[in-house]
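K.L.:
Just the structure for this:
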Amino acid sequence: MTTFGVHTGVQNTTVDELRDLWTGAEELGFDAIAVWDHLYSSDLATYECHEAVSMHTALACATTRVRCGCLVYCAGYRHPGVLAKAVATIDHLSGGRAEIGLGAGWARAEYEAFGFPFPPLGDRFDLLDEAAAAVRSLLRHDSTTVDGTHVRLSGARCEPRPVQADLPIWIGGTGERRTAHIVARHGDGWNLPFVAPDDVTAKRAALAGHCARIGRDPADVRVGVNVIVCDDDASLRAQFGPRADAVRPGAIVGTSVDHTTEALGRYVAAGADTVNVALRAPWDPGALERAATAVAALR
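P.N.:
Here you go, the predicted structure:
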């Protein structure tokens, strides 16, 4: 069964506005809400952006029913042990509704401004692989030892244990080689940002190939996609700025509920297990309400 969520950017907005958005999305019937992990705005056009672990925690405390996630934490910004401890605590705060996402990271300007090393892409994927394995073990096993190139743990314990025995771990990105391989090895879900419906089908096929090579059932891995629902091109550009054209393949533009329903339905038909409506400030409440009406028609 396909679930539907809301992916909320935490840039260029206030805590009160975010709380109103989260509670409104929960009241509209969405199944999940996620934040993101950036230090500046995602288009790097402004510096005003809240911190992700804090906002993930606030989301858990502001809601009562929805799944609460972060799509996705940058593996290069925090040690995986710290992230595992944080999400285990958030799971307790939410009563067992937390999820965690991890990604390789890409925003070079953020890395350099805050003094994080920005290694070549291959090294960032190596770090993501080790971080995902460490987080998975910390959240699910009593003791974790890792002697990797990037991650080292020695009998580390994550206690108290999460409320959920198998707290879901998402891997974010669109690559069919390294990303999909890491998903197959360590993920419970694959988060695809702003791709067209046909791309979801292709990604599922790539994931199935990686799963077959390691003996895993691809049905055990959920495939989720972030899409944009907005009134017009001006709204798309207001929310996504210089990245508007890059995210356009995943944008549903127009004010018709029927059009929105049909477009979201194409993602479901393509094999998306989760569809997240992505919003950036200044968001349009009408677009979220239109998406909720479309979701109700698709259930």
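
K.L.:
Break down the chain into its strands, ranges please.
P.N.:
3-8, 32-35, 67-70, 73-74, 100-103, 144-147, 152-156, 169-172, 189-193, 222-230, 251-253, 274-279 (DSSP state E).

K.L.:
Strand partners (parallel or antiparallel) of the fourth one?
P.N.:
The strands beside strand 73-74 in its sheet (DSSP bridges) come out as strand 100-103 (parallel).

K.L.:
The partner strand: which residues count as buried?
P.N.:
By neighbour count on 16 or more other Cβ atoms under 10 Å, the buried set for strand 100-103 is 100, 101, 102, 103. (C-beta placed from N, C-alpha, C; glycine too.)

K.L.:
Just the buried positions in the helix ranked longest in the chain, please.
P.N.:
Secondary structure assigned by DSSP state H gives helix 121-140 as the longest helix of the chain. Buried residues in helix 121-140, counting neighbours by 16+ other Cβ under 10 Å, are found at 124-140.

K.L.:
Which elements pack onto it?
P.N.:
helix 80-94, strand 100-103, strand 144-147, strand 152-156, strand 169-172, helix 178-186 (3 or more Cβ pairs under 8 Å, 6 or more residues apart in numbering; DSSP states H and E).

K.L.:
Who are the packing partners of the fourth one?
P.N.:
Contacts of strand 152-156 with other secondary structure elements, assessed using 3+ Cβ pairs under 8 Å, 6+ apart, are made with helix 121-140, strand 144-147.

K.L.:
Minimum distance to residue 156: which of those has it?
P.N.:
When those are compared by Cβ to Cβ, strand 144-147 sits nearest residue 156, at 4.8 Å.

K.L.:
Just checking: what are the partner strands of the closest one?
P.N.:
For strand 144-147, pairing defined by DSSP bridges yields strand 152-156 (antiparallel).

K.L.:
for the nearest residue to residue 38 once chain neighbours are set aside, which residues make a bridge with it?
P.N.:
Spatially, and ignoring its direct neighbours in sequence, residue 38 is nearest to residue 49 (5.2 Å; Cβ to Cβ, 6 or more residues apart in numbering). Counting by DSSP bridges, residue 49 is bridged to residue 11.

K.L.:
count of residues packed around residue 171?
P.N.:
28 (other Cβ atoms under 10 Å).
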